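Enquirer: For reference, the sequence and a predicted model appear below.
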Amino acid sequence: MFICSVSVDSLWGHVAAAQEPATSSIQSLSRAFPITSHNHHWWHSGCLIVVDDTDLRREIVKQYHDTPTIGHPGVTSTLFSISQDYWWPKMKDFVQQYIKGCATCQANKVDTTRSKPPLFPISPEHNATPFSMIAVDWITKLPVSQGFDSIMTITDHNVSKMAIFVPCKESQGAEEMAWLYIQHVLPYYGLPDKVISD
């Protein structure tokens, strides 16, 4: 049985020692992959072959992923580091599954999917009168014309969808905008019940 939490040097020794009783499985690997023997150990592209031992493979990934000096890198970095020394079939899948199950990685994972706020549709009211619900917006940064550089739009939301365009200045505040409404809309349609504006 494999002993966990070993040093990097003794880990290499465990991997090398595990090859001895697994000669038949390594020979079956040699039918699918280019494998060489050197100094009584089996190698693939210069990397020591790790036999089919889940605990041993998990300890290797742990050494290259979990230690404080390494800092839990992603799949690509972890796989690159391991592949400098060790190899086994489907190593990428094993590393991906290990990192998916890493509690530290999952706890510190950045959420890239922003939750969308719920939409509250503004439904037209039954038997509404024109301009009882209005939407107010401004068109700004226009060329100056007769002293005005913006347009205030007042749109009937419920009935006609008609819009009234009132020339104004971008520098005007809420009080001046209220006076523009009083001058251009109030005499014809009265005060609105609801105002929609950003």
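Expert: Perfect, I can see it now. Numbering: from 1, shown residues only.

Enquirer: Now do the domain split for the protein, please.
Expert: When the chain is parsed into structural domains using automatic domain parsing, the resulting residue ranges are 8-107, 133-197.

Enquirer: what's the nearest residue to K92 if we skip its chain neighbours?
Expert: Of all residues not flanking K92 in the chain, L79 sits nearest, at 5.7 Å (C-beta to C-beta, 6 or more residues apart in numbering). C-beta coordinates here come from the backbone N, C-alpha and C atoms, glycine included.

Enquirer: S132 too?
Expert: By the measure of C-beta to C-beta, 6+ apart, the closest residue to S132 outside its immediate chain neighbours is D193, 4.8 Å from it.

Enquirer: ok, that neighbour - how many residues close by?
Expert: The local packing count at D193 equals 13, with neighbours defined by other C-beta atoms under 10 Å.

Enquirer: isn't it right up against I134?
Expert: No - judged on C-beta atoms under 8 Å, D193 makes no contact with I134 at a distance of 9.1 Å.

Enquirer: for the closest residue to I164 other than its chain neighbours, helix, strand, or coil?
Expert: Among residues not flanking I164 along the chain, I154 sits closest, at 4.6 Å (C-beta to C-beta, 6+ apart). Under the three-state scheme (DSSP: H, G, I helix; E, B strand; the rest coil), the conformation of I154 reads as strand.

Enquirer: what residues are up against I154?
Expert: Residues in contact with I154 (C-beta atoms under 8 Å, 6 or more residues apart in numbering) are 131, 134-136, 163-164, 166, 181, 184-185.
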